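**Student:** Quick check, what structure comes out for this input:
(chains A and B)
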Amino acid sequence: MRAFAWGAFVLGALYFVLPLWGMTEFSLSMRRGEYSFDAYRSVLAMPDFQATFAFSAFMALVTIVVGVLIVVPTAFWVRLKVPELRPVIEFITLLPLVIPAIVIVFGYIRLYNTGSWLPLTGTAMGTNLLLAMGYTVLALPYMYRAVDTGLRTIDVGTLTEAAQSLGAGWATILGRVILPNVLSAVLSGAFLTFAIVIGEFTMAALLDRPAFGPFMQRLGQDRAYEPSALAVIAFAITWGCMGLIGLVSRTQKHTRAAR
Amino acid sequence: MTFLDLSRLEKAFGANRVVKDFSLPIEKGEFVSLLGPSGCGKTTVLRMVAGFERPTGGAIRLEGRDVTALRPNQRAVGMVFQAYALFPNLTVAQNVGFGLRVAGVAASEARPRVAEMLDIIGMPEAEYGGRYPFQLSGGQQQRVALARALAPRPRVLLLDEPLSALDAKVRVRLRGQIREIQRRLGITTVFVTHDQEEALSISDRVVVMNGGVAEQVGTPFAVYNQPATDFVASFVGSLTRFEARVTDPQRGIVEAAGVPFDLGRPLPAGAVTLALRPEAVRLGRAQGREAVLPATLQAVEFLGSVIRLRAEAAGATFLLDTFNRPDEPPPAAGEAVEISFRGRDAIVLEDRA
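**Tutor:** Now for the predicted structure:
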């Protein structure tokens, strides 16, 4: 039985590790007969790489800020005042997982094209705004879940009442009491959002923005070794984000002893 | 003028009226306890004073001003919760200073106030100021919560079962501390508890609540010794009830198990239900206790300083307390004994149809 379990584990691990290993190995073999970082050097030196990565990183930050501003007050209010609506809100936040990004982005293009009442696609700024909104929607399930889980660990009702009796209004309560106490949850939601936005292709491509996702795709068409190097870099970024989630939740001062 | 005036408060959740026509004038500096079983509406009354619940009817006036429609953060009312509710991300000093910071008090002014409050609760800033709530015991957390509530100089202090989550020893010590601090600052305080000993020991006045109604408002002495209703008599303290026949309504003479005794006050004719506190009944004959009933000991509970006996007499089970004496072992269950009490100590319970 034990041997069988180990066998299944090793098989599963191979299933994931082998392609990764193959890709890494390939990305290192640009120079014939020896391993080198030539492909990586080539990728990192591309001006497009830097520009698209900077663009996507900036979009990710905007998405995170917008997401936090929407999700934290909503999740807080639902927990505090209308807990019976929680399943409904949860369902709504899950919709982006069910509705393909392409449907959302086509909807946007139809609604906000240059002939519409709000011609957002007419300018680069407007299109960037649309993209940020789209990203916010895509990140919603992860952000909401993370924040809601964070709120579950504190006594939202009593803390709110305590702050109110000390004279605090809603903004103070959210900013000084609720947000700091769910900060590690918010940050883990933020890192997930970052990872999603960095790799997103559909929306950026259809809105024709110079984002990292379309760049990866383009590179895959034109080059041999560089796409593998880029994929490894993308993996490293994602894993870096995951690592940061763990790190942040462990270094929160006021919860250090509890863990 | 009444400092805090609750007049004709009503609160209904749907069809469920949890507070009914509740009126209570409270004087400045008074310590008033709301005492009652769970679901009696005492916490709802407190939450209406705090502003967390909007009354369905009636008014709350603070220093003559109607505050019924004000939001909780506009009332300058401090509150301490059963679950402490300290902000986990803030240190002890930051927690205590929170109300001052929200009020826009300058740091130079707030810092000495925080230090002063921490001194008052016996947790000097130098030692405790930088700690986080999770580094404190339950009792310490509740003291910090008290300091936090008091720091912005609230007009009224509300305590919502603040001792219920603590263990017995801490509870007794902290309630003494709360009372001492309250006296020192002279702050008007409303305290909610289901623990009668707590309410009786620290209050100026006790409000006994049942079913959303104030059954009796009075000093602990009056509530205990002259309960106004049947409910108060049975909820506050232990009690023995027994039936007696009134033989002389004018002079107040009754008879139980064939033994006559004198209540010294006029009574309605017929049968009455009497009640006696355990401490009013003695084992054996005692001077000044003219009513002597033959009894059988049913149970002997050794509680330490006090021995509580249950004795059957006059068709009822009498509770009686005797002090422990090391040179005199307690009687055994099953013994035939006599019990005695003073007729004037008997409480006449309301007639129940």
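**Student:** CA only for contacts and neighbour counts going forward, please
**Tutor:** Noted.
**Student:** And B:Glu197, how far from chain A?
**Tutor:** Going from B:Glu197 to chain A by CA to the nearest CA, to the nearest Å gives 26 Å.
**Student:** Now that residue: which helix or strand?
**Tutor:** Using DSSP states H and E, B:Glu197 sits within helix B:196-202.
**Student:** can you pull the buried residues of that helix?
**Tutor:** B:Gln196, B:Glu198, B:Ala199, B:Leu200, B:Ile202 (16 or more other CA atoms under 10 Å in any protein chain shown).
**Student:** and the gap between the spatially closest residue to B:Arg54 that is not a sequence neighbour and B:Met79?
**Tutor:** Leaving aside its sequence neighbours, B:Arg54 sits nearest to B:Met48 (CA to CA, 6 or more residues apart in numbering or on different chains; 6.0 Å). The gap separating B:Met48 from B:Met79 is 12 Å, by CA to CA, to the nearest Å.
**Student:** Also B:Leu303?
**Tutor:** Distance of B:Leu303 to B:Met79, given as CA to CA: 36 Å.
**Student:** which of those two has more neighbours?
**Tutor:** Shown here are B:Leu303 and B:Met79; by other CA atoms under 10 Å in any protein chain shown, B:Met79 has more neighbours (30 against 11).
**Student:** Run through the chain and note the low-pLDDT ranges.
**Tutor:** Looking at chain A here, since you left the chain open. Scanning chain A for pLDDT under 70 picks out A:249, A:251-259.
**Student:** Hmm, no, I was thinking of chain B.
**Tutor:** Where chain B drops to pLDDT under 70, the residues are B:350-353.
**Student:** Residue 119: what's it in contact with?
**Tutor:** Since you didn't name a chain, this refers to chain A. Applying CA atoms under 8 Å, 6 or more residues apart in numbering or on different chains to A:Pro119 gives the contacts A:Tyr112, A:Asn113, A:Gly126.
**Student:** sorry, should have said chain B
**Tutor:** Applying CA under 8 Å, 6+ apart, we find B:Asp119 in contact with B:Glu125.
**Student:** do that again at 10 Å, thanks
**Tutor:** Contacts for B:Asp119 (CA atoms under 10 Å, 6 or more residues apart in numbering or on different chains) come out as B:Arg113, B:Glu125, B:Ala147.
**Student:** Now the helix or strand hosting it: buried residues?
**Tutor:** Using DSSP H and E, B:Asp119 sits in helix B:107-120. Counting neighbours by 16+ other CA under 10 Å, one finds that the buried residues in helix B:107-120 are B:Ala110, B:Arg111, B:Arg113, B:Val114, B:Ala115, B:Glu116, B:Met117, B:Leu118, B:Ile120.
**Student:** what's the closest non-adjacent residue to the third one?
**Tutor:** What sits nearest to B:Arg113 in space, not counting adjacent residues and going by CA to CA, 6+ apart, is B:Ala151, at 6.8 Å.
**Student:** Over to the second one?
**Tutor:** Closest residue in space to B:Arg111, ignoring its immediate chain neighbours: B:Gly97 at 7.6 Å, by CA to CA, 6+ apart.
**Student:** so which helix or strand takes in the one you found?
**Tutor:** In the assignment (DSSP H and E), B:Gly97 maps to helix B:92-102.
**Student:** which other helices and strands contact that helix?
**Tutor:** Counting contacts by 3 or more CA pairs under 10 Å, 6 or more residues apart in numbering or on different chains; DSSP states H and E, helix B:92-102 is packed against helix A:156-165, helix B:107-120, helix B:125-128, helix B:138-150.
**Student:** how about TSV for these, with distance to B:Val207 added?
**Tutor:** Converted to TSV, those look like this (distance: least, CA to CA, whole Å):
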stretch	distance to B:Val207
helix A:156-165	24
helix B:107-120	28
helix B:125-128	36
helix B:138-150	22
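**Student:** At the contact with chain B, which residues of the stretch 101-250 of chain A appear?
**Tutor:** When proximity is defined by CA under 10 Å from any CA of the partner chain, the stretch 101-250 of chain A lies next to chain B at A:154-170, A:172-173, A:176-183.
**Student:** so B:Arg173 sits right up against B:Gln140, yeah?
**Tutor:** No: using CA atoms under 10 Å, B:Arg173 is not in contact with B:Gln140, being 11.6 Å away.
**Student:** With neighbour numbers in mind, choose between those two.
**Tutor:** For B:Arg173 versus B:Gln140, neighbours defined as other CA under 10 Å are more numerous around B:Gln140 (19 against 11).
**Student:** Now do the same contact list for that one.
**Tutor:** By CA under 10 Å, 6+ apart, B:Gln140 lies in contact with B:Tyr84, B:Ile121, B:Gly122, B:Met123, B:Tyr128, B:Pro133, B:Leu146, B:Val170, B:Leu174.
**Student:** number of nearby residues for the nearest residue to the second one once chain neighbours are set aside?
**Tutor:** Spelled out, that is B:Ile121. Counting by CA to CA, 6+ apart, the nearest residue to B:Ile121 once its immediate chain neighbours are dropped is B:Arg143, at 6.1 Å. Residues near B:Arg143, counting by other CA under 10 Å, number 24.
**Student:** try the one 5 residues further on
**Tutor:** Using other CA under 10 Å, B:Arg148 has 29 neighbouring residues.
**Student:** Now do it against B:Phe98, distance only.
**Tutor:** In terms of CA to CA, B:Arg148 sits 7 Å off from B:Phe98.
**Student:** Who are the contact partners of the residue in the stretch 101-250 of chain A that chain B sits nearest to?
**Tutor:** Distance from chain B to each residue of the stretch 101-250 of chain A (CA to the nearest CA) is smallest for A:Gly167, at 3.9 Å. Residues near A:Gly167 by CA under 10 Å, 6+ apart: A:161, A:173, B:71-78, B:98-103, B:152.
**Student:** what does B:Glu279 give?
**Tutor:** Residues near B:Glu279 by CA under 10 Å, 6+ apart: B:Ser238, B:Leu239, B:Arg308, B:Leu319, B:Leu320, B:Asp321, B:Thr322, B:Phe323, B:Phe341, B:Asp345.
**Student:** Out of these, which sit inside strands?
**Tutor:** The members of the contacts of B:Glu279 that map onto strands under DSSP state E are B:Arg308, B:Leu319, B:Leu320, B:Asp321, B:Thr322, B:Phe323, B:Phe341.
**Student:** what do B:Arg148 and B:Phe98 both touch?
**Tutor:** Jointly contacting B:Arg148 and B:Phe98 under the rule CA under 10 Å, 6+ apart are A:Leu166, B:Val92, B:Val114.
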